[in-house]
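Q: no FASTA, just this:
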């Protein structure tokens, strides 16, 4: 009887420790102490990853002991071991020597400028209450907690609508980041493709957001050239069948 009870307690304790919970936090530039976007958060134990939102906040499922890896272009990767579920304030170090990015673009406005313009066009969803942080960091940078205004905004109807629209705007921002780097001028120059063939190639081999923000110029050009070889070998691959009339 005692042995059975010990086994039961053992498996219960293992199950408790193995449970995943959502861990939240905010990512900052270690030098400027400002919040930074376009940061990828990877749970090395599960392989799952998320990006921080427009306010540099993230939420990811993790267990105690899991290692979270924070990566961003032109920043040193940082690893944090999950000790508890207290909201994290993560500071990542920018590289001292930053690689020059590809400067060939189709649009004069950067994705960041377009995002700021969109925010100005939707002042109601980026107002004082709508823009309240869900997480708050103490003035001394030591403590992090939940914001009451942020929680109210999350569960109110107007807050949910604003959050949904902000999410759509954020997704548009990700696509603008891809378009800004993976543009017709650059891709056409590298591949030699033109017009309909160029558009077809770019639609079929459009990179993901993570590739765009992390790949060096050399790796990004190699990505395009590798996919060009695939495209030239099988140009009809990934082509959708015509709609039945």
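A: Looks like it came in fine. Owing to the predicted nature of the structure, the values given are computational and were not obtained by experimental measurement.

Q: what residues sit buried inside the longest strand along the chain?
A: Of all the elements of type strand in the chain, the one with the most residues (DSSP state E) is strand 21-29. Buried residues in strand 21-29, counted by 16 or more other CB atoms under 10 Å: 23, 24, 25, 26, 27, 28, 29. Just so you know, the C-beta spots here come from the backbone N, C-alpha and C atoms, and that holds for glycine as well.

Q: parallel or antiparallel, which strands does the next helix or strand after that strand pair with?
A: For strand 21-29, the following helix or strand on the C-terminal side (DSSP states H and E) is strand 40-43. Strand 40-43 pairs in its sheet with strand 49-51 (antiparallel), strand 67-71 (antiparallel), by DSSP bridges.

Q: just checking, next helix/strand downstream of the shortest one?
A: Read it as strand 49-51. Sequence-wise, the next helix or strand downstream of strand 49-51 (DSSP H and E) is strand 57-62.

Q: and the last one, by the same measure?
A: Scanning the chain past strand 67-71 towards its C-terminal end, the next helix or strand to appear is strand 78-81 (assignment: DSSP H and E).

Q: quick check: next helix or strand after that next one?
A: Downstream of strand 78-81 (by DSSP H and E), the next one is strand 88-92.

Q: now that following strand: mean pLDDT?
A: Strand 88-92 carries an average pLDDT of 94.

Q: count the residues that sit near the closest residue to residue 117 other than its chain neighbours.
A: Counting by CB to CB, 6 or more residues apart in numbering, residue 109 is the residue found nearest to residue 117 once chain neighbours are left out, at 7.6 Å. For residue 109, the neighbour count with other CB atoms under 10 Å is 13.

Q: which residues touch the closest residue to residue 58 other than its chain neighbours?
A: Counting by CB to CB, 6+ apart, residue 52 is the residue found nearest to residue 58 once chain neighbours are left out, at 4.6 Å. By CB atoms under 8 Å, 6 or more residues apart in numbering, the residues touching residue 52 are 26, 27, 36, 37, 38, 39, 41, 58.

Q: what packs against the longest helix seen in the chain?
A: When secondary structure is assigned using DSSP state H, the longest helix within the chain turns out to be helix 157-181. Helix 157-181 sits against helix 111-121, helix 148-155, helix 209-214, with contacts defined as 3 or more CB pairs under 8 Å, 6 or more residues apart in numbering; DSSP states H and E.

Q: distance check, the residue nearest to residue 58 against residue 41.
A: The spacing between residue 52 and residue 41, counted by CB to CB, to the nearest Å, is 7 Å.

Q: shared neighbours of those two, anything?
A: 27, 58.

Q: how many neighbours does residue 172 have?
A: 14.

Q: list the contacts of it.
A: With contacts defined as CB under 8 Å, 6+ apart, residue 172 is in contact with residue 118.

Q: I figured residue 49 hits residue 58, correct?
A: No. If you go by CB atoms under 8 Å, residue 49 and residue 58 don't touch, sitting 9.9 Å apart.

Q: what touches both of these two?
A: Common contacts of residue 49 and residue 58 (CB under 8 Å, 6+ apart): residue 41.

Q: per-domain residue ranges of the protein.
A: Domain assignment for the chain, taken from automatic domain parsing, gives 21-92, 100-180, 182-240.

Q: just checking, what packs against the longest strand of the chain?
A: strand 57-62, strand 88-92, strand 135-137.

Q: distance of residue 83 from residue 68?
A: Distance check for residue 83 against residue 68: by CB to CB, it reads 11 Å.
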